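Colleague: task: produce atomic coordinates for the following.
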Amino acid sequence: LDAVVTGALNGDTLAYSLATTALKFSAVGSYPITVTLGSNPNYTVTPVDATLTVGQRTLTVTPEGGKTKILGEVFTAFTGTVAGLQGTDAGTAAYASPGAAAGAAVGSYDINATGFAFTNGAASNYNLQLNAAVKGLVVLYRWDGFLQPINDTAHDLGVMSKFKAGQTIPAKFVLKNAAGTIVQQTGSPTFTRTDRLGACDSAAAPETPELVQASVVPQYTWDGAQYHYNWSTKGLQAGLYRIFANLGHGTVRSVDICLTK
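Modeller: Numbering: from 1, shown residues only. The predicted structure follows:
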């Protein structure tokens, strides 16, 4: 608190003190600033009181992104950060997303902070700022890995499959919802692969795939029960390769395969 003194001469200093009823955690509002005079024998002093205003503090609620759920699930595991609470004020932030409902389609959804419920303190003391995590919740298909004759070591922790270079390898998989029901995505997943990544795992298990005709278009075909792409390895060197299933919502699944002479 400070004051302006007018009328003092020759560098005289007046004796006074200032006080207010506002404290560190006083609620939003107006509080008097009062002047208490000391001894000023050479002056007739007229004190003028004033007002101290406590304004709202910004309270920011920000949801955390990077959340995923499986198609058909109800998502409730929202988290976030709350910044700006003062003293013993406390409460619970609320979050929501259009992707949280069981019926939400595969894709990316914003997570929105929708409010803050005070368990201690008053909402009127704060200017509430609610933020969003853009595309913070991703709805995915359930993925159980590639199917035989490929061992999907990323899921069943089995031994990597190896095939003779030149064979046509059936790459097959299914997509499921949270209940385990097989579902079909909109559009066809595409097939891609790496070039040779190096030597094979010496423990790779030899596989004998069924005879199939090589696929021409680099995409997985839905046959009514599963997706499949018949990968022709004709002309490829022996070694380690990684193949991919690029799903419609942007998720990429992969598996490593060994080709031998």
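Colleague: for residue 117, see how far away residue 130 is.
Modeller: For residue 130, the distance to residue 117 (C-beta to C-beta, to the nearest Å) stands at 13 Å. Quick note: C-beta positions are derived from backbone N, CA and C, even for glycine.
Colleague: tell me which of those two has more neighbours.
Modeller: residue 130 (17 against 9; other C-beta atoms under 10 Å).
Colleague: from memory the more buried one sits against residue 115, does it?
Modeller: Yes: the criterion here is C-beta atoms under 8 Å, and residue 130 meets it with residue 115 at 7.2 Å.
Colleague: please enumerate the helices of the chain.
Modeller: Secondary structure of the chain (DSSP state H): helices at 153-156.
Colleague: which residue sits closest to the most centrally placed residue in it, ignoring its sequence neighbours?
Modeller: Central residue of the chain (C-alpha atoms, centre = their mean): residue 65, 1.5 Å from the mean position. Spatial nearest neighbour of residue 65, chain neighbours left out: residue 136 (3.0 Å); criterion: C-beta to C-beta, 6 or more residues apart in numbering.
Colleague: can you give me the neighbour number for that neighbour?
Modeller: Residues lying near residue 136 (other C-beta under 10 Å) number 22.
Colleague: dump the residue contacts of it.
Modeller: Shown in contact with residue 136 (C-beta atoms under 8 Å, 6 or more residues apart in numbering): 63, 64, 65, 66, 67, 97, 109, 110, 111.
Colleague: what of residue 249?
Modeller: So residue 249 contacts 106, 107, 108, 138, 139, 140, 141, 185 (C-beta under 8 Å, 6+ apart).
Colleague: now do the residue nearest to the second one when sequence neighbours are not counted against residue 220, distance only.
Modeller: The reference is to residue 107. In this structure, residue 107 finds its nearest non-sequential neighbour in residue 249, 5.4 Å apart by C-beta to C-beta, 6+ apart. For residue 249, the distance to residue 220 equals 14 Å [C-beta to C-beta].
Colleague: residue 109 now?
Modeller: Using C-beta to C-beta, residue 109 is found at 25 Å from residue 220.
Colleague: lowest-confidence helix or strand of the chain?
Modeller: Ranked by mean pLDDT, DSSP states H and E, the weakest helix or strand in the chain is helix 153-156, scoring a mean of 52.
Colleague: tally of neighbours for the residue nearest to residue 55 when sequence neighbours are not counted?
Modeller: Nearest residue to residue 55 in three dimensions, chain neighbours excluded: residue 28, at 6.5 Å (C-beta to C-beta, 6+ apart). Counted by other C-beta under 10 Å, the residues lying close to residue 28 total 14.
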